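# Just need the structure, nothing else, for what follows:
(chains A and B)
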Amino acid sequence: MSDPAVTHTDPQPGLTGFVSDWSSDKTAFKTASWGKAMIWIFLLSDTFIFSCFLIAYMTVRMSTTEAWPNPSEVFALEIGGVHMPLILIAIMTFVLISSSGTMAMAVNFGYRRDRVKTTVLMLLTAALGATFVGMQAFEWTKLISEGVRPWENPWGAPQFGSVFFMITGFHGTHVTIGVIFLLLMARKVWRGDFDTGKKGFFTSRKGRWEIVEITGLYWHFVDLVWVFIFALFYLW
Amino acid sequence: MVDATHGPDAHAAEFPDVELYHPRSWWTRYVFSQDAKVIAIQYASTALAIGMLALVLSWLMRMQLAFPGFLTFIDAAAYYQFITMHGMIMVIYLITALFLGGFGNYLIPLMLGARDMVFPYVNMLSYWTYLLAVLVLVASWFTPGGPTGAGWTLYPPQAILSNTPGQESGIVLMLVSLILFVIGFTMGGLNYIVTVLQGRTRGMTLMRMPLTVWGIFIATVMAMLAFPALFVACVMMLFDKLLGTSFFMPALVEMGELLPHDGGSPILFQHLFWFFGHPEVYIVALPAFGIVSDLISTHARKNIFGYRMMVWAIVIIGALSFVVWAHHMYVSGMNPYFGFFFAVTTLIIAVPTAIKVYNWVLTLWRGDIHLNPPMLFALAFIVTFVNGGLTGLFLGNVVVDVPLSDTMFVVAHFHMVMGVAPILVIFGAIYHWYPKITGRMLDNTLAHLHFWVTFLGAYLIFFPMHYLGIMGVPRRYFESGDISFQPPSAHDLNIFITVMALIVGAAQLVFVFNLIWSIRHGKPSGGNPWRATTLEWQTPETPPVHGNFGRELPVVYRWAYDYSVPGAAEDFIPQNQPGTNPPHSEAPKKRRGAKS
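A predicted model of the protein is given here:
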């Protein structure tokens, strides 16, 4: 066996392909670049963080001695005299999921090297994300003005406020970081950094179009996490 | 699994080697360096420095146990602060940081034939965040009330109650420091994982990687999944302390006063903490396993026995260690039925671990054993680890654990298995790779002195502790006073242990002296003093320069363990040497034929 184990170059389907990819040299994921492998592994780690938060929340909700407030009523709004449970959360969810759609389109146009459309779609995604964060700020303000604090609230178990601020705050931070990152990357796309291979400010690596997809993966993740928060915190 | 998205860019997935950042000034070359080797040395130096502090703390604790009242500045509060800081520093800021940040950074790119980590800039940030975490930790000594004295497990509610030392600000700084550590580690961990998966050189398959890289790789994967639990636990406890939430705090009466907390679950913290804490044991053990395999194979001039088994054992241990955490909580008041499940999974881990021990011994069997310092430390690791592992079987069983809980037996167990054993590997690894890092050998006489005092001393410290534990001497007691069930011999033994601890501690100063002295005065080592096969010994320059391998990256033709191959010109064949050697899967067959 005097040759180095350079195995195949064309991807094979199914389990055979999986085995031959993993037993080959250089890379285990043949089509993934370093950045994409990195973001997937980061998201896996981040999944564990959110899982721990949510499992901790569910444990606390079961262990607490006082009754848990009814989220449908807490998050209800009066709009035009109509009492609408969870309406704000429903709109927020709709906005965030829509932003995933625009992000997916941005990735698509990114791979077609369409600078204008990619930029516009990324900015639109960022705008939807910012809207989401804005509505969250409104929600926080409303609850705070109604007397919800991390240590107490008018309706029951004090952990309700603790969990609410902690989990939505942590998720909101993720969305905010995503918005900032989207704006930075949209600027680079618009300037054409990825066509000219302009080097990053800190890293001295050449920028690549793929960063649009990496941003997108992060964005979809944040969106997916929201679905779980929505289901487990607001709907339960 | 192949990522299904095929953009036109995705096919250019391989970077044209690495676009390395070329430092232009002294600052970017040695301080804010993006070179994994410099970062490794920064990590290792910081870890060793803070580790010395933890060593001094252990001296002070031992002084208090043996000669209560002799050092007047040690009161009960100070004693608990020493315990807490000693444990936390040793486990996290020394061993984890040194194995993954230190050896991981140095060895992964070199052993895999890469020019650097895949994200050098993020790698640099990882170190500086780690340094910040260490500084925040140290800062707690200088705040009112001092560092926290909650024990390294930081169990609530007592961690944030008003009579625990350091509850003013020490606990806050502790939690912030841990959060920073997790963030810093995540940046490093992404680098280690992606470099192993995507950054190898031509011919370097996963199953040709040295076991050192396997150990560090799996440990990093585990850390990426276990540290989130610690992160979440720290955030929640920080809120309990600062915002008055009640995640972990039940309704409590303290000093006749009802606290404002209500309805939290202290056991939830224990679950979160140990979901991190148990994998953490293997996060420090797996790199040790990997490194020790390489040391034994190199210095016994024999291929590692059962390479595939070794790899799978590492992977299986890593996976199993996520389902055993509650064996730390048998007496916590959790549902007793859980005890059965966690005892079973705990004992199952003994199987892959035993496979590894057998394979090390079989590697040594009829090997050409060179008893130089790295090998001595590797051998010492095996016996120490077996020893600590056996008491682990005791503590893994619920009925045996319950009476032994919170006794010196537990202290002896975990110090043997995850204190002394990994540290012995760290020493062995430093003796082994120091010539590559500096180009000079460490002094052999001092190394032998260091080894024998440390190895024998560690046994003299921790063996008697088992006995104390079985007698029922509790741990974490500031002073035992006149406890009638303890015979006077128990106290004599305590004095003996303390004297030994002071001697072993002093031996570490010899080691530190050796490290510093040999940088200038050590014997020049040449590029490959141990005649080892792995790629880091085949670099054109020693110490390796920025970019590691000169113009051309090495190409790998064989596994890492071609020692004493029959018919070969030398007793080792470097991984990058082409030739018609049989592939490793057939090698043992041929060797048996050659023998008979």
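# Report all helices and strands that the host helix or strand of B:Tyr79 contacts.
Take DSSP states H and E as the rule and B:Tyr79 turns out to sit in helix B:76-88. Packing contacts for helix B:76-88, counted by 3 or more C-beta pairs under 8 Å, 6 or more residues apart in numbering or on different chains; DSSP states H and E, involve helix B:36-66, helix B:170-198. (C-beta placed from N, C-alpha, C; glycine too.)
# Give the buried residues for that helix.
B:Ala77, B:Ala78, B:Tyr79, B:Tyr80, B:Gln81, B:Phe82, B:Ile83, B:Thr84, B:Met85, B:His86, B:Gly87, B:Met88 (16 or more other C-beta atoms under 10 Å in any protein chain shown).
# again with stretch B:343-363
Within stretch B:343-363, the residues scored as buried using 16+ other C-beta under 10 Å are B:Ala343, B:Thr345, B:Thr346, B:Ile349, B:Pro352, B:Thr353, B:Ile355, B:Lys356, B:Val357, B:Asn359, B:Trp360, B:Thr363.
# just how off-centre is it within its chain?
In terms of C-alpha atoms, centre = their mean, to the nearest Å, the centre of stretch B:343-363 is set 19 Å apart from its chain centre.
# Not counting its own residues, what contacts that stretch?
B:289, B:292-293, B:296-297, B:300, B:302-306, B:309-310, B:312-314, B:316-317, B:320-321, B:323-324, B:327, B:382, B:385-386, B:389, B:392-393, B:396-398 (C-beta atoms under 8 Å, 6 or more residues apart in numbering or on different chains).
# and it, C-alpha only, in PDB?
Only the C-alpha atoms of stretch B:343-363 are listed here, as PDB (Å, rounded to 0.1, in the frame of the first residue of the first chain):
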ATOM      1  CA  ALA B 343     -25.100   2.500  38.400                       C
ATOM      2  CA  VAL B 344     -25.500   0.200  35.400                       C
ATOM      3  CA  THR B 345     -24.200   2.700  32.800                       C
ATOM      4  CA  THR B 346     -21.400   3.600  35.100                       C
ATOM      5  CA  LEU B 347     -20.200   0.100  35.400                       C
ATOM      6  CA  ILE B 348     -20.500  -0.500  31.700                       C
ATOM      7  CA  ILE B 349     -17.900   2.200  31.100                       C
ATOM      8  CA  ALA B 350     -15.400  -0.100  32.800                       C
ATOM      9  CA  VAL B 351     -15.600  -2.300  29.700                       C
ATOM     10  CA  PRO B 352     -14.100   0.000  27.100                       C
ATOM     11  CA  THR B 353     -11.800   1.400  29.700                       C
ATOM     12  CA  ALA B 354     -10.500  -2.100  30.600                       C
ATOM     13  CA  ILE B 355     -10.000  -2.700  26.800                       C
ATOM     14  CA  LYS B 356      -7.700   0.300  26.700                       C
ATOM     15  CA  VAL B 357      -5.700  -0.800  29.800                       C
ATOM     16  CA  TYR B 358      -5.300  -4.300  28.400                       C
ATOM     17  CA  ASN B 359      -4.100  -2.900  25.100                       C
ATOM     18  CA  TRP B 360      -1.600  -0.700  26.800                       C
ATOM     19  CA  VAL B 361      -0.200  -3.600  28.700                       C
ATOM     20  CA  LEU B 362      -0.200  -5.800  25.500                       C
ATOM     21  CA  THR B 363       1.700  -3.000  23.700                       C
END
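# now the buried residues of helix B:76-88 as JSON lines including pLDDT?
JSON lines is the format used below for the buried residues of helix B:76-88 (pLDDT from 0 to 100):
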{"residue": "B:Ala77", "pLDDT": "93"}
{"residue": "B:Ala78", "pLDDT": "95"}
{"residue": "B:Tyr79", "pLDDT": "95"}
{"residue": "B:Tyr80", "pLDDT": "95"}
{"residue": "B:Gln81", "pLDDT": "95"}
{"residue": "B:Phe82", "pLDDT": "96"}
{"residue": "B:Ile83", "pLDDT": "95"}
{"residue": "B:Thr84", "pLDDT": "96"}
{"residue": "B:Met85", "pLDDT": "96"}
{"residue": "B:His86", "pLDDT": "96"}
{"residue": "B:Gly87", "pLDDT": "96"}
{"residue": "B:Met88", "pLDDT": "96"}
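# And the helix holding B:Tyr79, how far out from the chain middle?
Distance, centroid of helix B:76-88 to centroid of chain: 21 Å (C-alpha atoms, centre = their mean).
# Not counting its own residues, what contacts that helix?
Contact partners of helix B:76-88, identified using C-beta under 8 Å, 6+ apart, comprise B:53-54, B:57-58, B:60-61, B:64, B:74, B:137, B:146-152, B:154, B:164-166, B:170, B:174, B:476, B:478.
# Closest to chain A out of the buried residues of stretch B:343-363?
In terms of C-beta to the nearest C-beta, no member of the buried residues of stretch B:343-363 lies closer to chain A than B:Thr345, at 19.1 Å.
# after the host helix or strand of that closest one comes which helix or strand?
Using DSSP H and E, B:Thr345 sits in helix B:336-364. With elements assigned by DSSP H and E, the helix or strand that comes after helix B:336-364 is helix B:373-396.
# helices or strands next to that following helix in the packing?
Where contact means 3+ C-beta pairs under 8 Å, 6+ apart, helix B:373-396 is packed against helix B:266-299, helix B:336-364, helix B:398-404, helix B:408-414, helix B:421-438, helix B:444-471.
# For the ones you listed, please prepare CSV with the additional fields mean pLDDT.
As requested, the helices and strands packed on helix B:373-396 are exported to CSV (pLDDT from 0 to 100):
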stretch, mean pLDDT
helix B:266-299, 96
helix B:336-364, 94
helix B:398-404, 92
helix B:408-414, 96
helix B:421-438, 96
helix B:444-471, 95
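# I'd like to know which of those helices is closest to B:Ser25.
In terms of C-beta to C-beta, the element of the helices and strands packed on helix B:373-396 nearest to B:Ser25 is helix B:421-438, at 22.8 Å.
# orientation of the closest one relative to helix B:373-396 in degrees?
150 degrees (axes from the mean of the first three to the mean of the last three C-alpha atoms, to 10 degrees).
# Packing partners of helix B:421-438?
The contact analysis (3+ C-beta pairs under 8 Å, 6+ apart) places helix B:421-438 against helix B:105-112, helix B:266-299, helix B:373-396, helix B:444-471, helix B:488-521.
# Generate a ChimeraX selection restricted to the buried entries among the contacts of helix B:76-88.
Those of the contacts of helix B:76-88 that count as buried under 16+ other C-beta under 10 Å are selected in ChimeraX with:
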select /B:53,54,57,58,60,61,64,74,137,146,147,148,149,150,151,152,154,164,165,166,170,174,478
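# which of the buried residues of helix B:76-88 lies closest to chain A?
Checking the buried residues of helix B:76-88 against chain A with C-beta to the nearest C-beta, the nearest one is B:Met88 at 20.1 Å.
# Could you check how far stretch B:309-317 is from the centre of its chain?
With C-alpha atoms, centre = their mean, you get 17 Å for stretch B:309-317.
# contacting residues around it?
By C-beta under 8 Å, 6+ apart, stretch B:309-317 touches B:207, B:211, B:214-215, B:218, B:282, B:285-286, B:289-290, B:293, B:304, B:349, B:352-353, B:355-356, B:359.
# returning to what we had before: by how many degrees do the helix holding B:Thr345 and helix B:266-299 diverge?
10 degrees.
# which of the helices and strands packed on helix B:421-438 sits most buried?
Comparing those by mean neighbour count (mean count of other C-beta atoms under 10 Å in any protein chain shown), helix B:105-112 ranks first with a mean of 28.
# ok, that one near chain A or not?
No: interface with chain A: helix B:105-112 contributes nothing (C-beta under 8 Å from any C-beta of the partner chain), its closest point being 9.7 Å away.
# any idea which helix or strand carries the residue in chain B that chain A sits nearest to?
Of all residues in chain B, B:Gly203 sits closest to chain A, at 2.7 Å by C-beta to the nearest C-beta. Element membership for B:Gly203 (DSSP H and E) is empty, with no helix or strand holding it.
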